[in-house]
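Engineer: Show me how the following folds:
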Amino acid sequence: MKPVELIKLPIKNEMELFEKKFKDSMLSKVPLLNRITYYIVRRKGKQMRPMFVFLVAKMVSDGGFDERTYRGASVVELIHTATLVHDDVVDDSNRRRGFFSLNALWKNKIAVLVGDFLLSKGLLLSIDNEDFDLLKLISIAVREMSEGELLQIEKARKLDITEDVYFDIIRQKTATLIAACCGIGAASVGASQDTIQQMRKFGEYIGIAFQIKDDLFDYTDDKIGKPTGIDIKEQKMTLPLIHTLNTCTYREKSWLINSIKKHNKDQKRVKEVIAFVKANGGIEYTTTKMYDYKNRALTILENYPESPYKSSLITMIDYVVERKI
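Structural biologist: Residues are numbered from 1 along each chain as shown. As a prediction, the model looks like this:
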């Protein structure tokens with residue numbers, strides 16, 4: 001059985017019902033919108049974020065559940081999908097999960113409007129049901145995701161990202177949404193504020209480990225669907241590179257910066273940068289950091305009794321750091 005199927009086992013029924021409720025939450029009176037949202041639903045990803053909502057909700061409530069949990073999972077998925085649609089427009093990307101992106105099929109104007117529609121649907125789902133605590137958690141995530149993207153753009157121009165700034169960026173860009181999923185899962189079943197904050201921190205640690213793993217893919221030789229060296233070509237300063245810049249000589253640092261600024265489209269030079277980062281311990285250092293965040297997440301789970309939901313979350317953490325794509 002694949003890891004994702006194994007993770008889903010204790011919440012299989014909830015995930016099946018969620019899919020129906022999620023489709024219903026996207027319905028509109030505009031036929032074009034319905035055609036586009038149908039296209040989105042048919043090309044869904046692994047749905048890890050709703051899985052976090054359900055597993056955390058059940059773990060902290062000893063298997064309990066609430067209709068609010070479905071709404072929380074739907075809000076998360078609506079907001080997440082909206083951000084992906086907008087990201088593809090910003091990045092001028094024509095592919096998403098192996099399929100054409102919305103902007104490739106329907107152009108930027110429609111894609112932006114669809115993203116806005118999904119965002120408003122998520123907000124209204126919470127407001128109409130007076131789930132204001134869930135709305136606050138997801139709104140914090142949306143604000144931080146926007147700030148993280150802008151911080152990365154600002155820093156990328158100067159290539160002056162320190163390790164602290166790097167962690168700020170990935171916490172805001174990636175980890176904050178997974179933190180919101182876990183916080184919403186706990187809040188949806190009436191958990192205490194302490195538990196909600198603990199689960200948010202748990203999600204944040206997993207999210208950071210997830211992004212570090214993504215950054216390591218840039219230096220792998222495996223066929224993973226993401227071309228090797230793409231971050232370097234896009235002048236993204238990730239942890240393997242940041243660590244190498246901090247530990248190499250002044251002359252080597254000048255060569256690296258020059259390579260990223262002026263030769264980032266030169267395939268031979270990009271391969272040389274990758275080889276230099278590997279030779280100077282950038283991969284080992286980054287991998288150690290990733291496992292550190294994995295262990296922080298596991299430590300939080302030690303506070304909860306054994307259950308199928310806790311076991312699935314542990315499997316999820318392992319999957320995040322061991323996945324091949």
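
Engineer: Torsion angles phi and psi at the residue nearest to residue 27 when sequence neighbours are not counted?
Structural biologist: Spatial nearest neighbour of residue 27, chain neighbours left out: residue 34 (6.8 Å); criterion: CB to CB, 6 or more residues apart in numbering. In short, each C-beta sits where N, CA and C put it, glycine included. Main-chain torsions, residue 34, degrees, to the nearest 10: phi -60, psi -40.

Engineer: I'd assumed residue 28 was in contact with residue 34.
Structural biologist: Yes - if you go by CB atoms under 8 Å, residue 34 and residue 28 touch, sitting 5.7 Å apart.

Engineer: what about the residue nearest to residue 27, neighbour count?
Structural biologist: The tally of other residues near residue 34 (other CB atoms under 10 Å) stands at 13.

Engineer: Quick check: the gap between it and residue 115.
Structural biologist: 16 Å (CB to CB, to the nearest Å).

Engineer: Same question for residue 81.
Structural biologist: 8 Å.

Engineer: Residue 217 and residue 230, how far apart?
Structural biologist: With CB to CB as the criterion, residue 217 and residue 230 are 9 Å apart.

Engineer: who has more neighbours, these two?
Structural biologist: Between residue 217 and residue 230, residue 217 has the larger neighbour count (other CB under 10 Å), namely 19 against 12.

Engineer: Tell me the secondary structure at the more buried one.
Structural biologist: The assignment at residue 217 comes out as helix when based on DSSP: H, G, I helix; E, B strand; the rest coil.

Engineer: Look up how far residue 167 lies from it.
Structural biologist: For residue 217, the distance to residue 167 - CB to CB - is 18 Å.

Engineer: so where do the helices sit in the stretch 1-150 of the chain?
Structural biologist: 3-8, 12-25, 31-42, 48-60, 67-91, 102-128, 132-158 (DSSP state H, counting those that start in this stretch).

Engineer: among these, which is nearest residue 198?
Structural biologist: With CB to CB as the criterion, residue 198 lies closest to helix 48-60 of the helices of the stretch 1-150 of the chain, at 8.9 Å.

Engineer: Tell me which other helices or strands that closest one touches.
Structural biologist: On a contact count with 3 or more CB pairs under 8 Å, 6 or more residues apart in numbering; DSSP states H and E, helix 48-60 meets helix 3-8, helix 12-25, helix 67-91, helix 176-188, helix 193-216, helix 308-322.
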